[in-house]
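Undergrad: Just the structure for this:
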Amino acid sequence: QVQLVQSGGGLVQAGGSLRLSCAASGLTFSRYTMGWFRQVPGKEREFAAAISWRGSANYADSVQGRFTISRDNAENTVYLQMNYLKPEDTAVYYCAAGLTGGPAWVVAERYDYWGQGTQVTVSS
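TA: Numbering: from 1, shown residues only. Purely as a prediction, here's the structure:
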């Protein structure tokens, strides 16, 4: 049984930092592209960042230069370091795992497994 268990998140002031973690089990973690998506009420889930099994990273324009995705294959964990947070970063953040790559890794439907979601709130 595949599980993605998220931790981190919470409330932070604008300009602050948070780190999200996502621990995977039940899959061969090193084979999977890992992604982070975010969602606000009434909107579709939005791509934020992804990292391939090789460690290549890709970011949405809205977070480029502020967020850093990384992975530890020995610990089966993916991280999202979020710096210089803005109120518009407020959302529920989800990690995801998929056997995908290239342009498709920005598409939520290309991921097979999802974490439970964690709230990130940035106050102005």
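Undergrad: C-alpha only now, for contacts and for neighbours.
TA: Will do.
Undergrad: could you pull out the strands for the protein?
TA: Per DSSP state E, the chain carries strands over the ranges 3-8, 10-13, 18-25, 33-39, 46-51, 57-59, 67-72, 77-82, 91-98, 113-114, 118-123.
Undergrad: now the ones you listed as TSV including mean neighbour count?
TA: Converted to TSV, the strands of the chain look like this (neighbours: other C-alpha atoms under 10 Å):
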stretch	mean neighbour count
strand 3-8	18
strand 10-13	15
strand 18-25	20
strand 33-39	25
strand 46-51	24
strand 57-59	19
strand 67-72	20
strand 77-82	21
strand 91-98	24
strand 113-114	20
strand 118-123	19
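Undergrad: Val106 is nearest to which of those?
TA: Proximity to Val106 (C-alpha to C-alpha) singles out strand 46-51 among those, at 5.5 Å.
Undergrad: what mean pLDDT would you report for that closest one?
TA: Computed over strand 46-51, the mean pLDDT rounds to 97.
Undergrad: What pairs with that strand, parallel or antiparallel?
TA: strand 33-39 (antiparallel), strand 57-59 (antiparallel) (DSSP bridges).
Undergrad: The first one: how far from the chain's middle?
TA: In terms of C-alpha atoms, centre = their mean, to the nearest Å, the centre of strand 33-39 is set 4 Å apart from its chain centre.
Undergrad: cool, the last one as well?
TA: Its chain's C-alpha centre and that of strand 57-59 lie 10 Å apart, by C-alpha atoms, centre = their mean.
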